[in-house]
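Student: With the sequence up front, the predicted model follows.
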Amino acid sequence: MPRRRLRPSPAALLLAGLAVFAAPTLADAQKPTRTVQLAQDGGGPQGKIIVRYGHWNVAVGELGGKICYAISTPVAASPGTPARSRAYLMIATSPAKRQYKEISVLSARAFRPGARAFAAIGARQFELFTKGDGAWIKVADEEPLALEAMLRSTRLVISGTAAGGEAIRDAYALDGVAKAVESVAQECR
């Protein structure tokens, strides 16, 4: 049976984007006091950036119940156009939807339908399921293995082919991911 995918709404992705850029970069935890709007029009619920660890932020919002994200942006991206600045790697937990530690990618550029995409983490490689500009670990049973690899590695590289045929290659730093995932687990029990 196919696994249900937690596809964040545009409002939740806006929260995630703001979470990545709202806190200063610090090696240790930074506790911002900033509240952000989830909806671009200024209406709707609010979300709060609660902490930052290394290259990772933790954000909490509402999306059919409480949802928490550990989220990061690429440290290197190809192609590096301005539209690509909205690429994210997320680990989301939504207790109301019974989804925990779901790894997803928002590439900010649609993947070519039917083309293969991968997440390389240390010596491991995981195939991704893609839809539009989103990607998830293809085999649900491999998701805990991918998360474990992330916690032991320093870098994750997403590779695939964009709808226009150009290569997508985004590299993410994993410093701070362990503390961010732990914080998400505490916030969204």
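Tutor: In hand now; what should we look at?
Student: Every contact and neighbour count from this point should use C-alpha atoms.
Tutor: Noted.
Student: Where does the prediction get shaky in this structure?
Tutor: Across the chain, the stretches falling below the confidence threshold (pLDDT under 70) are 1-47, 79-85.
Student: Not counting its own residues, what contacts whichever helix or strand residue 172 is part of?
Tutor: Assigning secondary structure by DSSP states H and E places residue 172 in strand 167-173. The set of residues that contact strand 167-173 without belonging to it, under CA atoms under 8 Å, 6 or more residues apart in numbering, is 55, 72-79, 89, 154-162.
Student: Could you list the buried residues of it?
Tutor: For strand 167-173, a neighbour-count test (16 or more other CA atoms under 10 Å) marks 168, 169, 170, 171, 172, 173 as buried.
Student: and the second one, what are its bridge partners?
Tutor: In this structure, residue 169 has the following beta-bridge partners (DSSP bridges): residue 78, residue 159.
Student: So which bits of stretch 149-163 are buried?
Tutor: With the criterion 16+ other CA under 10 Å, stretch 149-163 contains buried residues 149-151, 153, 155-163.
Student: Go ahead and measure how far it is from the middle of the chain.
Tutor: When C-alpha coordinates are averaged (CA atoms, centre = their mean, to the nearest Å), stretch 149-163 and its chain have centres 11 Å apart.
Student: Start and end of it, how far apart?
Tutor: 29 Å (CA to CA, to the nearest Å).
Student: and the spatially closest residue to residue 87 that is not a sequence neighbour, what is it in contact with?
Tutor: What sits nearest to residue 87 in space, not counting adjacent residues and going by CA to CA, 6 or more residues apart in numbering, is residue 107, at 4.5 Å. For residue 107, the residues meeting the contact criterion (CA under 8 Å, 6+ apart) are 84, 86, 87, 88, 133, 134, 135.
Student: Do a quick rundown of the helices in the protein.
Tutor: If you assign secondary structure with DSSP state H, the helices in the chain sit at 10-22, 143-152, 177-187.
Student: helices or strands next to the shortest one in the packing?
Tutor: In this case it means helix 143-152. With contacts defined as 3 or more CA pairs under 8 Å, 6 or more residues apart in numbering; DSSP states H and E, the secondary structure elements packing on helix 143-152 are strand 99-106, strand 117-121, helix 177-187.
Student: try 10 Å
Tutor: Counting by 3 or more CA pairs under 10 Å, 6 or more residues apart in numbering; DSSP states H and E, the packing neighbours recorded for helix 143-152 are strand 99-106, strand 117-121, strand 124-131, strand 134-137, strand 155-161, helix 177-187.
Student: Could you do the last one as well?
Tutor: Counting contacts by 3+ CA pairs under 10 Å, 6+ apart, helix 177-187 packs against strand 26-30, strand 46-54, strand 56-62, strand 66-72, strand 88-94, strand 99-106, helix 143-152.
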